[in-house]
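Colleague: Below are the sequence and a predicted model; questions follow.
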Amino acid sequence: MHPSTRAIAIVGNGVAGLIAFATLRFLGAPTAQIAVYGDHADPLAHLRAYAAAVQQVDMRSESGGHLLPTDFPGFATLLLLRRGAVWPWLAALFDAYHPALSDVLAQGDRLRQQTALEESLVLARVGRLERREGHFVLWDEAGHWLGEHRHVLLALGHPGLAWPAAVLAVRDDPALGARIHHAYQPKAYRAGETVAVIGAGLGAAHEWLNALAAGAHVYAVWRQPPLHRPLNAPRCLFNAAGLDDYRRLPPEGRLAVLRQLGLGSYPWRLGWERQLWRARRQGRLREYAGELQAVRAHKGRLALALTDVAGENGGQKTLIVDRLVAATGFIGEVCAHPLIAQLVTDYALPLVAGHLLVADDMTLPPLSRPDSVLAVSGMLARWAYPAADSFAGMKVAARAFARQVLAPAPLRQRLANWWRLVTDRPLRA
Ligand SMILES: Cc1cc2nc3c(=O)[nH]c(=O)nc-3n(C[C@H](O)[C@H](O)[C@H](O)COP(=O)(O)OP(=O)(O)OC[C@H]3O[C@@H](n4cnc5c(N)ncnc54)[C@H](O)[C@@H]3O)c2cc1C
């Protein structure tokens, strides 16, 4: 069957799309039942590029932060069984094992082949989605018909990199732009230069360490001091009881939780803290609680005007730097995705402070029906699952979608599929 008429469509060929596809395949869906729309062939392309830009080598997540459709086995158990590595397994007992990025990427590459993702892939960006009786019609960004599908999962990822407003105003100025980067863009630091890193999350922490390692001096600038948090959300939000508590909150309570998660945080790691402590003592790392107001040229360098959050220095401060790095994450406003903006306009999809009002089963209520489901995964699903932009959250979304669109294969077949996946063999088409 041509992909354009398959029953299930996944829009977005990223990590969330791969996890959803693997989950459906594990539960018994053949490739001929699923179409995956995306603008490139590698589902890990964004994660690979962003992690390389900040020189991340280990994941923030723990042993359970893997891409397989089942919870078991985690990375530590896989390493124990495959390589006889005992240390990761012991460390995982204390939540102290963090898989190597290279292991996650290798697992993703394998999973893509094992599930035969290419057989379902349609290289196209979906620009428009229409609800019809019993199915959805998809169009590309030039208005060409792409396909008709009974069920659709939107796994679009982040709409783009977020920049401070003061940087947006000058980024295209050739005299300044070459000295300005986003943390998730490639860059190279030089010994002796002065770098300002705006932000307080994991991306910022990596950039402080990268610049210091290159011999640079660093100004760490943040609105709120960074928090130390092991995962990208409090641990309770990853378990059923914590999630139930969150889902019982009124809308303003959910918003408060989501705002709190938006504040910068990074995990406490002994090696990192030691390097930061040493750099502070050497005067190579200075920290400012400030808000960036303006960026201008200053004798071949950059002058950054900050409002001093601590209220010292008359409330104003100017930093002269050679390079500015915006470690300010991703755009959080879902309507920055043209496809979501179209759905909000055409079908009055409800929004709360830039978040889609997603039902707790990850569907979009006004458009989704029991016989023709429209659901979301990844950052689009935060309203239902605050840590949705994590492998764990993507699995929750994938399983919720699968429950609604698929009669799962018998247990014996699922066990056989599971065994094939963990022993690196392909699933049957
Ligand atoms: C540096 C870094 C480290 C991280 N570490 C961890 C970690 O340790 N543990 C963890 O659980 N999570 C981690 N994350 C978070 C999370 O896993 C990533 O954000 C994840 O890569 C996002 O996957 P995604 O599929 O939602 O988005 P993406 O990977 O960006 O994929 C979305 C895809 O959809 C495509 N698309 C968008 N719109 C359309 C359209 N209209 N039509 C067709 N295709 C479209 C995009 O082009 C893209 O290919 C990390 C993230 C980063 C950046």
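Modeller: Nice, I can see it. The shown structure was predicted, so the numbers you read here are calculated from the model rather than taken from an experiment.
Colleague: Around the ligand, which positions in the stretch 151-300 of the chain sit nearby?
Modeller: Those residues of the stretch 151-300 of the chain that sit near the ligand, judged by C-beta under 6 Å from any ligand atom, are Ala155, Leu156, Gly157, His158. (Each C-beta comes from the backbone N, C-alpha and C, glycine too.)
Colleague: what's the closest of these to the ligand?
Modeller: Gly157 (2.4 Å; C-beta to the nearest ligand atom).
Colleague: hmm, stretch 376-390 touching the ligand?
Modeller: Yes. When contact is scored as C-beta under 6 Å from any ligand atom, part of stretch 376-390 falls within range of the ligand: Gly378, Asp389, Ser390.
Colleague: confidence score at the first one?
Modeller: Model confidence at Gly378, given as pLDDT, is 98.
Colleague: same question, the second one
Modeller: Model confidence at Asp389, given as pLDDT, is 97.
Colleague: Correct me if wrong: it contacts Met379.
Modeller: Yes. Under the criterion of C-beta atoms under 8 Å, Asp389 is in contact with Met379, at a separation of 4.5 Å.
Colleague: okay, the residues of the stretch 151-300 of the chain next to the ligand in TSV with neighbour count, pLDDT and secondary structure next?
Modeller: Rendered in TSV, the data for these read as follows (neighbours: other C-beta atoms under 10 Å; pLDDT from 0 to 100; DSSP: H, G, I helix; E, B strand; the rest coil):
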residue	neighbour count	pLDDT	secondary structure
Ala155	31	98	coil
Leu156	23	98	coil
Gly157	21	98	coil
His158	21	98	coil
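Colleague: how about those, which pair is most distant?
Modeller: Of all pairs drawn from these, the one with the longest distance (C-beta to C-beta) is Ala155 and His158, at 11.4 Å.
Colleague: Now the residue of the stretch 251-400 of the chain found nearest the ligand. Nearest residue, chain neighbours left out?
Modeller: Of all residues in the stretch 251-400 of the chain, the one sitting closest to the ligand is Gly378 (2.9 Å; C-beta to the nearest ligand atom). The shortest distance from Gly378 to any residue other than its chain neighbours is 3.9 Å, reached at Ala16 (C-beta to C-beta, 6 or more residues apart in numbering).
Colleague: pLDDT weak spots in the stretch 251-400 of the chain?
Modeller: By pLDDT under 70, the weakly predicted segments of the stretch 251-400 of the chain are 310-314.
Colleague: Helices along that one, start to end?
Modeller: For the stretch 251-400 of the chain, the helices identified by DSSP state H, counting those that start in this stretch occupy 251-262, 270-281, 338-347, 391-405, in order along the chain.
Colleague: quick check, distance from the longest one to the centre of its chain.
Modeller: Translated: helix 391-405. Mean C-alpha position of helix 391-405 versus that of the full chain (C-alpha atoms, centre = their mean, to the nearest Å) differs by 16 Å.
Colleague: can you pull the contacts of the residue of the chain found nearest the ligand?
Modeller: Ranked by C-beta to the nearest ligand atom, the top residue of the chain for proximity to the ligand is Gly14, at 1.7 Å. The contact partners of Gly14, taken as C-beta atoms under 8 Å, 6 or more residues apart in numbering, are Gly38, Pro43, Leu44, Ala45, His46, Leu47, Ala155, Gly157, Gly378.
Colleague: could you measure the nearest residue to Leu202 once chain neighbours are set aside against Trp89, distance?
Modeller: Taking C-beta to C-beta, 6+ apart as the measure, Leu202 lies nearest to Tyr266, with 4.3 Å between them; neighbours along the chain are not counted. The gap separating Tyr266 from Trp89 is 25 Å, by C-beta to C-beta, to the nearest Å.
Colleague: That concludes my questions; thank you for your assistance.
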